[in-house]
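Peer 1: Below are the sequence and a predicted model; questions follow.
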There are 2 protein chains.
Amino acid sequence: MATKRVVVTIPASPAVTYEIIIGSGVLGELGTKLTSLLNPRRVTVITNDIVWETSGAQLTNSLDRAGIDFDLISIPDGEAYKTIETAGVILTALADCGAGRSDPIIAFGGGVIGDVAGFTAATYMRGVPFINVPTTLLAMADSSIGGKTAVDMAAGKNLVGAFHQPSLVISDLDLLATLPDRELAAGRAEMLKAAMLQGGEYLAAWRTGITRVIDGDLELTAELLERAVRFKADVVAADARDTTGRRAILNYGHTLGHALETALDYAQLGHGAAVSIGMAFAARLSEKAGVCDAELVRATEELLRQAVLPERPPALKAAEIIAIMELDKKNEGGEVTFVLLEDFGRAVVRTVSRDLILSTLEEFANG
Amino acid sequence: MATKRVVVTIPASPAVTYEIIIGSGVLGELGTKLTSLLNPRRVTVITNDIVWETSGAQLTNSLDRAGIDFDLISIPDGEAYKTIETAGVILTALADCGAGRSDPIIAFGGGVIGDVAGFTAATYMRGVPFINVPTTLLAMADSSIGGKTAVDMAAGKNLVGAFHQPSLVISDLDLLATLPDRELAAGRAEMLKAAMLQGGEYLAAWRTGITRVIDGDLELTAELLERAVRFKADVVAADARDTTGRRAILNYGHTLGHALETALDYAQLGHGAAVSIGMAFAARLSEKAGVCDAELVRATEELLRQAVLPERPPALKAAEIIAIMELDKKNEGGEVTFVLLEDFGRAVVRTVSRDLILSTLEEFANG
């Protein structure tokens, strides 16, 4: 498989440029890339116990071959550990390792590891170099791109964090071999979101290829992943600090999705399922708001079915869901902001009335 | 007294500009300034119990007159509370207040409050507007300028933090009336550092005015403070993220100063005393390193005496001090980097041998 390389440039002063390497076995490049980019005397690897047991040897080999010493900080697996307390434990461990201002931090894990390790890289000594080696399709397609780092608070997910762009992202598809289907589905949902937001060639390639991706075709997985990554990287480059509104379209399907995850206490529903249901709902709401026609709703449901993703929510109370959406940090002043689609490739950000959301939710939940 | 206004512009993309207002009674401007700058629906004030008891009414009045509601988060007084745990408590309280992405955080206190409140402003929702109302001369002269926010770790002071420029700094000299002399001395030490680093007119004004400043002349205090603020603001603007080395000169006197504070467990020696002794030592080391002549050492000691600041360390073990300096985060690879003076106004950053530091320290400690 040809290795794919996406170069991301964030306009800033000075400009930030980094490479996302996608392919089979590309973790082997980590050590040499690190040496040529940063020439570190040592690095710190932040991972979780399960990832390390499954795939630690591959990362160790890559660093060993380049002669790079590392300290390992391993945290327990799961979103429950994406907290300020875990960040404190990691920051203390970094100090205990004697990590210096130019010693890179490598995140080796899924989105939780990337977010919390990224947050410690953003704040240890007010910022040290950060390398992300995502081990889930979701993290490869979404959270590893864009420089958002975060920890959760009881009052909300990702409520505390920092912007901190990585120096390098290595997405090795071989790491996906041991991933359970629920994790792969979460990645597919974010990739499908990107395909719906971009439309055109990407959506056409998706329709042609997704069934073979589900059957395990890594070549096609890499191709669709690269398209998702390029799409997100372009959006992020235009709005690195999430201030101009451009980046808001990436929340397509997430307003309801996050509310479902919160209502169901994060664990019961997977992120992929939550976003998938959220996209089915956003299409429905787009139609009700007069933004698109019924064909988009039908096409959305077909795309979800083809990707083996759910399109209907579990039993839910519409009023409870709307209460949670109003608390979402993306909303100011009590109104609910939604990303809607005029068509695939044409997203618009609109404020939608509480009544329309409630009636659409009730209809949606009942079929 | 004429109010002094220093405008700081940090070249970035987009550029960051903010005003530092210095004067008597300028806290009264807080509410109207906030309205014109940010027009917030509400704000969060972060303070400590002692500051709030002494001066809370003045801040409350200023916000009330502008019709700005606020929530109060008060933490215990002291450097011992400048921790990641305190940051976690504040972040949780911010979420509990329902603080939004555009709701400013106002730090109302000394350097500890400014640093930890600034860190929470940098990280809550990945950054919210930050206003600093320093209540000590030290914070007015030093930590409120430059956008460095931080918390301490057991392994070192300011080991975790973020760069986050304030939107406004209000330094009301009336707040200094209740400050103990040890706190005023700390501010004088940082101002004297700035005068030594800049030399010229500022140092001349210092020599003429400092005795009257100590006697409580607020007009002259404002004048010398404005000069210190302008000096630091210029250095920071040239090196906002502490990457080009320009900002390193601000560590003059701090390499030994921080080591003394660590050796004496922060509490025994005040920061002002530590930095003063550090500057006396740095002048001595500059001479021993052949960078300046003996006249600079003599003039430094005279400036310290005139400012009623110490010039000799308490009993210390030179070997212990050097061990701490080698652990300081500003040093890479085991050598000790020092800011030295060729003359007042001409700082240079040099790597100094362990042996020269040790012999100079031993001579210095013994008179």
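Peer 2: Happy to help now that I have it. Note that this is a predicted model, so its numbers are computed, not measured.

Peer 1: And the residue in the stretch 1-150 of chain A that chain B sits nearest to, its phi and psi?
Peer 2: With Cβ to the nearest Cβ as the measure, A:A95 is the residue of the stretch 1-150 of chain A nearest to chain B, at 3.4 Å. Just so you know, the C-beta spots here come from the backbone N, C-alpha and C atoms, and that holds for glycine as well. Phi and psi for A:A95, reported as degrees, to the nearest 10, are phi -60, psi -40.

Peer 1: same question, A:D71
Peer 2: Dihedral pair for A:D71: phi -100, psi 150, per degrees, to the nearest 10.

Peer 1: and the stretch 101-250 of chain A, which residues reach chain B?
Peer 2: A:101-102, A:119, A:122-127, A:148, A:150, A:153-156, A:159-163, A:241-242 (Cβ under 8 Å from any Cβ of the partner chain).

Peer 1: same thing but at 6 Å, please
Peer 2: Within the stretch 101-250 of chain A, the positions near chain B by Cβ under 6 Å from any Cβ of the partner chain are A:123-124, A:126, A:153, A:155, A:159-163.

Peer 1: of all the residues you listed, which comes closest to chain B?
Peer 2: A:A155 (3.4 Å).

Peer 1: give me every residue that touches that closest one.
Peer 2: By Cβ atoms under 6 Å, 6 or more residues apart in numbering or on different chains, the contact set of A:A155 is B:A95.

Peer 1: Likewise for the one 10 residues further on?
Peer 2: Under the criterion of Cβ under 6 Å, 6+ apart, the contact list for A:Q165 reads A:10, A:16, A:147.

Peer 1: was I right about the residue of the stretch 1-150 of chain A closest to chain B contacting B:M153?
Peer 2: Yes: in this structure, A:A95 is within contact of B:M153 by Cβ atoms under 6 Å, at 5.1 Å.

Peer 1: Between these two, which contacts overlap?
Peer 2: Common neighbours of A:A95 and B:M153 (criterion: Cβ under 6 Å, 6+ apart): B:L159.

Peer 1: Domain ranges for chain A, per the record?
Peer 2: Here the domain parsing of chain A from automatic domain parsing is A:4-178, A:181-365.

Peer 1: Pipe the ones you listed into TSV and attach distance to B:D181 and mean pLDDT per row.
Peer 2: Output for the domains of chain A, formatted as TSV (distance: least, Cβ to Cβ, whole Å; pLDDT from 0 to 100):
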stretch	distance to B:D181	mean pLDDT
domain A:4-178	32	95
domain A:181-365	44	89
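
Peer 1: Could you check these and tell me which one is nearest B:V45?
Peer 2: Ranking the domains of chain A by proximity to B:V45 (Cβ to Cβ) places domain A:4-178 first, at 19.2 Å.

Peer 1: Show the end-to-end separation of the closest one, please.
Peer 2: Across domain A:4-178, the terminal residues are separated by 22 Å (Cα to Cα, to the nearest Å).

Peer 1: what's the answer for stretch A:58-74, then?
Peer 2: End-to-end distance for stretch A:58-74: 16 Å, by Cα to Cα.

Peer 1: what about it, distance to the chain center?
Peer 2: Distance of stretch A:58-74 from its chain centroid, counting by Cα atoms, centre = their mean, to the nearest Å, is 25 Å.

Peer 1: cool, stretch A:94-107 as well?
Peer 2: 24 Å.

Peer 1: Likewise for stretch A:21-36?
Peer 2: 21 Å.

Peer 1: for stretch A:42-49, same thing?
Peer 2: 20 Å.

Peer 1: can you tell me if it touches chain B.
Peer 2: No: counting by Cβ under 6 Å from any Cβ, chain B is not contacted by stretch A:42-49; separation bottoms out at 11.7 Å.

Peer 1: contacts for that stretch?
Peer 2: The contact list for stretch A:42-49 (Cβ under 6 Å, 6+ apart) reads A:68-75, A:77, A:97, A:99, A:103-109, A:113, A:117.

Peer 1: Sitting in strands, which of the residues you listed do you find?
Peer 2: Judged by DSSP state E, these include A:69-75, A:105-109 as members of strands.

Peer 1: Throw the residues you listed into TSV and include neighbour count, thanks.
Peer 2: Listed next are the ones in strands among the contacts of stretch A:42-49 as TSV, based on neighbours: other Cβ atoms under 10 Å in any protein chain shown:
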residue	neighbour count
A:D69	10
A:F70	19
A:D71	16
A:L72	16
A:I73	21
A:S74	20
A:I75	22
A:I105	25
A:I106	28
A:A107	30
A:F108	28
A:G109	29
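
Peer 1: Give me whichever of the domains of chain A is most buried.
Peer 2: Among those, domain A:4-178 has the highest mean neighbour count (mean count of other Cβ atoms under 10 Å in any protein chain shown), at a mean of 20.
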